[in-house]
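In: only geometry, no sequence info:
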C-alpha cells in the first residue's frame, strides 16, 4: 500500500534553494503508469501544480516554474526530490508530494498524498 512521507525544511531564506523529499514507504516508484508529482498551495489560494516525474524517469514542469524547479529520484530508496531555486516570499506555501495513475488519453487519478510541508520564506 502506497504511503508517501515528506521531509524537508519549513523555513528557507530568500534566494536560497528549497529541497523537499518524498519517500514511498509502500514500495517502488518505478511501477508502470504511475507518476510522482509535486504541488503546492499558497495561503488562501488553490493548488498549484509544480511538476512530475514518471515511473521511467521522464519529468516535466509547470511553465511558470520550469526555470526554477527540478525533480530527481533515487529508485533504490523509492524517493523523489523537488528542488526549487531562487526562492522569494511568493513561494511560501504548503508543498505536497502525490502520486497519480495514468490511464492514458489525458485521464489520470490521484490516489495518494504526502502529509504536506509548510514552507515559509523569510530571512
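Out: Looks like it came in fine. What you see is a predicted model; the values in this text were computed from it and never measured.
In: Could you report the separation of residue 112 from residue 88?
Out: Taking Cβ to Cβ, to the nearest Å as the measure, residue 112 falls 30 Å from residue 88. Just so you know, the C-beta spots here come from the backbone N, C-alpha and C atoms, and that holds for glycine as well.
In: Please identify which of those two sits among more neighbours.
Out: Legend: neighbour count by other Cβ atoms under 10 Å for residue 112 and residue 88, higher for residue 112 (17 against 10).
In: any residues touching the strand or helix carrying the more buried one, and which ones?
Out: Using DSSP states H and E, residue 112 maps to strand 107-113. Counting by Cβ atoms under 8 Å, 6 or more residues apart in numbering, strand 107-113 makes contact with 2, 3, 4, 35, 96, 97, 98, 99, 100, 101, 102, 103, all of which sit outside it.
In: which among the residues you listed end up buried?
Out: Restricting the contacts of strand 107-113 to buried positions leaves 2, 4, 35, 96, 97, 98, 99, 100, 102, with burial counted as 16 or more other Cβ atoms under 10 Å.
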